[in-house]
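>>> From the sequence below, what's the structure:
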Amino acid sequence: MRMLRTSSGLTADFMAGGRFRVCDAQQHCHVVNNRQTAYKVVATAETRGITLDAALDENQSR
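Have a look, this model is predicted:
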């Protein structure tokens, strides 16, 4: 189920088991453990104009 879609094509989708899939416009996807992380990664990538990979790396280093 789609939770979030940004104007640049980033998405966050709910998956079975309570996990979330975050994807960029080219359908390069990652799975994260919770909704807060999904929103944070997508919002960071969108507002800062960085890749999903960079946003995930930044989130994991905190």
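
>>> any chance you could map the helices in the chain?
35-48, 52-60 (DSSP state H).

>>> looking at these, which is buried most?
helix 35-48 (a mean of 18; mean count of other Cβ atoms under 10 Å). To be clear about C-beta, it is placed using only N, CA and C from the backbone, and glycine gets the same treatment.

>>> Show residues contacting that one.
3-4, 6-8, 10-12, 14, 20, 22, 24, 30, 32, 50-52, 54-56, 58-59 (Cβ atoms under 8 Å, 6 or more residues apart in numbering).

>>> Using CSV, please lay out the helices of the chain together with mean pLDDT.
Listed next are the helices of the chain as CSV, based on pLDDT from 0 to 100:
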stretch, mean pLDDT
helix 35-48, 95
helix 52-60, 94
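
>>> returning to what we had before: may I see the PyMOL selection of the buried members of the contacts of helix 35-48?
PyMOL command restricting these to the buried ones, with burial defined by 16 or more other Cβ atoms under 10 Å:
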select buried, resi 4+10+11+12+20+22+24+30+32+52+55+56
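
>>> pretty sure Arg2 contacts Thr11?
Yes - Arg2 is within contact range of Thr11, at 6.4 Å (criterion: Cβ atoms under 8 Å).

>>> Compute the first-to-last residue distance for stretch 19-30.
One end of stretch 19-30 sits 11 Å from the other (Cα to Cα, to the nearest Å).

>>> For it, give the mean pLDDT please.
In this model, stretch 19-30 has a mean pLDDT of 95.

>>> That stretch: how far from the chain's middle?
6 Å (Cα atoms, centre = their mean, to the nearest Å).

>>> Equivalent analysis for stretch 38-51, please.
For stretch 38-51, the distance to the chain centre is 7 Å (Cα atoms, centre = their mean).
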